[in-house]
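**Student:** structure here, sequence nowhere to be found:
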């Protein structure tokens, strides 16, 4: 759930740092993103769908989400949370300040760190204490006790290494996920099913049971995520991004953005004013 914001333009300060997890954690955590944003006008920003699961640990104020990506879940406030894979956005309210660390988990990371498949989290927002127990409170307290980002990332490593249990996805599911989420070499779902030797029906059932989304949605998320990253580059056009991300045309991309972000890309570009550390990612 990388974030992108909209609201009234205002000057503000965006600080942060990126961290690489301990080698044992790297199959399960793509990276650590620390952020400190302040001096912005209060507003709302969008938690964007992505191909990674999201974990957020706040350092001072809890995070407030008035709209959950799950239509059956009311909004709320969390000191630390996790969310699975979803094709729907979340809305995150802020008072002009955000401070915390966001972790991008691979689907295997849900099994390795939480002991459950990504499908069990689904698009719900889950209190991290329900998944990590007392370690969640320890993690937040220790992160808040230092202002040094490198030290914070070391604390993350230390606590998560106590929790991690190595997990190897089924080889066919691992292959299907890799093929469907490779933005440089997209494959039709039928071709992926043929490659791993499963029927499309069996692929859909097994894929949904593990990841909580359909194979088609994994392909949609990959296109959306790529377009989101490309749009953050300077001097790009929506039409060029639509072609590069694999959409049929600009109108197709606009429809997908309305479903996944709640607004078309042109409106997002015009409104985004509250940058997050994740918004400085380079395209993979």
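**Tutor:** Yep, that arrived. Bear in mind that the values here come from a model prediction, so they are computed numbers and not experimental data.

**Student:** when you work out contacts or count neighbours from here on, use the C-alpha atoms and nothing else.
**Tutor:** Will do.

**Student:** which phi and psi does the residue lying farthest from the centre of the chain have?
**Tutor:** Here the centre of the chain is the reference, and by CA atoms, centre = their mean the most remote residue is residue 197, at 30.0 Å. Dihedral pair for residue 197: phi 80, psi 20, per degrees, to the nearest 10.

**Student:** residues contacting it?
**Tutor:** If you count contacts by CA atoms under 8 Å, 6 or more residues apart in numbering, residue 197 has none.

**Student:** and it, how far is that from residue 214?
**Tutor:** Distance of residue 197 to residue 214, computed by CA to CA, to the nearest Å: 18 Å.

**Student:** do residue 126 as well
**Tutor:** Between residue 126 and residue 214 the computed distance is 21 Å (CA to CA).

**Student:** now do residue 233
**Tutor:** 30 Å.

**Student:** what about these two, which has more around it?
**Tutor:** Taking other CA atoms under 10 Å, residue 233 and residue 214 do not tie; residue 214 has more neighbours (18 against 15).

**Student:** just give the nearest non-adjacent residue to that one, would you?
**Tutor:** Counting by CA to CA, 6 or more residues apart in numbering, the nearest residue to residue 214 once its immediate chain neighbours are dropped is residue 208, at 5.4 Å.

**Student:** any idea which element that neighbour lies in?
**Tutor:** Assigned by DSSP states H and E, residue 208 belongs to helix 200-211.

**Student:** C-terminal to that helix, which secondary structure element comes first?
**Tutor:** helix 215-231.

**Student:** now the angle between helix 200-211 and that following helix, please.
**Tutor:** Angle, helix 215-231 to helix 200-211, by axes from the mean of the first three to the mean of the last three CA atoms, to 10 degrees: 60 degrees.

**Student:** ok, and what's touching helix 215-231?
**Tutor:** With contacts defined as CA under 8 Å, 6+ apart, helix 215-231 is touched by 49-51, 87, 177, 180-183, 186, 189, 203-204, 207-208, 236-238, 241-242, 244-247, 256-257, 260, 269, 279, 281-283.

**Student:** same question, stretch 135-150
**Tutor:** With CA under 8 Å, 6+ apart as the criterion, stretch 135-150 contacts 16-17, 19, 34, 57-60, 79-80, 128-129, 152, 155-156, 159.

**Student:** narrow the residues you listed to those that are buried.
**Tutor:** 16-17, 19, 34, 57-59, 79-80, 128-129, 152, 155-156 (16 or more other CA atoms under 10 Å).

**Student:** just the ones in strands from those, please.
**Tutor:** Within the buried ones among the contacts of stretch 135-150, residues falling in strands by DSSP state E are 16-17, 19, 34, 57-58, 80.

**Student:** which of these scores worst on pLDDT?
**Tutor:** The pLDDT minimum for these sits at residue 16, where the score is 89.

**Student:** give me the nearest residue to that residue, chain neighbours excluded.
**Tutor:** Per CA to CA, 6+ apart, closest to residue 16 is residue 35, 4.1 Å.

**Student:** which residues does that neighbour contact?
**Tutor:** With CA under 8 Å, 6+ apart, residue 35 has these contacts: 14-17, 98-101, 276-277.

**Student:** SS state for residue 50?
**Tutor:** Here residue 50 is recorded as coil under DSSP: H, G, I helix; E, B strand; the rest coil.
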